[in-house]
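Chemist: coordinates only, no sequence provided:
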């Protein structure tokens, strides 16, 4: 298990604090592009990730997926990522897609500054032909890609964005028939900070979803998700709205928790959900 000296500068901040606006993401770009090994880093996804990890270890904490949880997802191969932050996961997974012969990996990021960081590091890693960054709210970006004919099916969707939107975005993808038997969802942070509404939805049977009306009861709500997680985007974006898609409760899921660790060594888990059929 990774271990971290909590007295060092790279230790995570106290619970409930918000470092989105302290400039560390832009500082990361300067750190990498002025790195003495920049020539070795350029064109190498592995070295770009190592440089990001180096900054996170020696300078300031970054909320990246990390090697442990990243390994779970790279074994699955990914097509869509919800929530890109500074691009660690989309470089890791985009490289895996390229190696597997895949064509496209979309990273959807609401924050335009974070998106700029992602695009710069993706270019540095030599993955611009595979990884495409889309700026905007996740549901609107999904709809735009679908309407443009660029997103016709999701092989694997990595959810690591605004926690209350996990379920509503999944339902939107269900309604657009982007999720079909064979699709896989990998949801991060289902233990810390936790996401009970999402876990309830993907672990329920078709009958349970229809009987309880989960598709309506949970849309845009956040029961069981810590307030600091729900409110962390409020300063920058104000009150966030959700799509109201009812999804497709007839889809049959098999869902399992994969225990793992945050880069800080804190236990967490990735929920791996497979669509295995559809009840008619």
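Modeler: Received it, and whenever you're ready, just let me know what you need. Because the structure is a prediction, the values reported are computed rather than measured.
Chemist: show me where the stretch 1-150 of the chain has its helices.
Modeler: Assigned by DSSP state H, counting those that start in this stretch, the helices in the stretch 1-150 of the chain fall at 24-33, 38-41, 45-58, 66-74, 88-99, 112-124, 138-147.
Chemist: now those helices as TSV including mean pLDDT, mean neighbour count and distance to residue 211?
Modeler: All C-beta atoms are positioned from the backbone trio N, CA, C, and that covers glycine. What follows is these, written out as TSV (pLDDT from 0 to 100; neighbours: other CB atoms under 10 Å; distance: least, CB to CB, whole Å):
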stretch	mean pLDDT	mean neighbour count	distance to residue 211
helix 24-33	88	17	44
helix 38-41	92	14	54
helix 45-58	87	19	45
helix 66-74	60	20	32
helix 88-99	86	24	36
helix 112-124	90	20	40
helix 138-147	93	18	26
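Chemist: any buried residues in the helix or strand harbouring residue 200, and which?
Modeler: Element membership for residue 200, per DSSP states H and E: helix 196-203. Within helix 196-203, the residues that count as buried by 16 or more other CB atoms under 10 Å are 197, 198, 199, 200, 201, 202.
Chemist: I'd like the next helix or strand past that helix.
Modeler: That would be, after helix 196-203 and using DSSP H and E, helix 206-212.
Chemist: which among the helices of the stretch 1-150 of the chain is found nearest to residue 165?
Modeler: helix 138-147 (5.9 Å; CB to CB).
Chemist: contacts for that closest one?
Modeler: Helix 138-147 is contacted from outside by 80, 82-83, 106, 108, 110, 134-136, 151-152, 161-162, 165, 168-169, 172-173, 176, 178, 242-243, using CB atoms under 8 Å, 6 or more residues apart in numbering.
Chemist: kindly recompute the last result at 10 Å.
Modeler: 80-83, 104, 106-110, 132-137, 150-152, 154, 157, 159, 161-162, 165-166, 168-169, 171-173, 176-178, 241-245 (CB atoms under 10 Å, 6 or more residues apart in numbering).
Chemist: buried subset of these?
Modeler: Looks like those have 80-83, 106-110, 132-135, 137, 151, 154, 157, 159, 161-162, 165-166, 168-169, 171-173, 176, 178, 242-243, 245 buried, using 16+ other CB under 10 Å.
Chemist: the strands in the stretch 101-250 of the chain, which residues?
Modeler: Taking DSSP state E, counting those that start in this stretch, the strands of the stretch 101-250 of the chain run over residues 105-109, 131-135, 156-159, 184-187.
Chemist: ok, the third one: who's next to it in the sheet?
Modeler: Based on DSSP bridges, the pairing partners of strand 156-159 within the sheet are strand 80-82 (parallel), strand 184-187 (parallel).
Chemist: so what's the gap between it and the chain middle?
Modeler: Offset of strand 156-159 from its chain centre (CA atoms, centre = their mean, to the nearest Å): 7 Å.
Chemist: next: the last one.
Modeler: If you compare the mean C-alpha spot of strand 184-187 with that of the full chain, they lie 9 Å apart, counting by CA atoms, centre = their mean.
Chemist: list the buried residues for it?
Modeler: Within strand 184-187, the residues scored as buried using 16+ other CB under 10 Å are 184, 185, 186, 187.
Chemist: how much space separates the nearest residue to residue 243 once chain neighbours are set aside from residue 109?
Modeler: Closest residue to residue 243 apart from its sequence neighbours, by CB to CB, 6 or more residues apart in numbering: residue 139 at 4.2 Å. According to CB to CB, to the nearest Å, residue 139 stands 13 Å off from residue 109.
Chemist: joint contacts of the two?
Modeler: residue 82.
Chemist: name the residue closest to the centre of this protein, please.
Modeler: When CA atoms, centre = their mean is applied to the chain, the residue found nearest the centroid is residue 160 (2.5 Å).
Chemist: ok, it to residue 95 distance?
Modeler: 17 Å.
Chemist: next one: residue 164
Modeler: Counting by CB to CB, the gap from residue 164 to residue 95 is 30 Å.
Chemist: next one: residue 249
Modeler: 35 Å.
Chemist: cool, residue 52 as well?
Modeler: 13 Å.
Chemist: what does residue 183 give?
Modeler: 21 Å.
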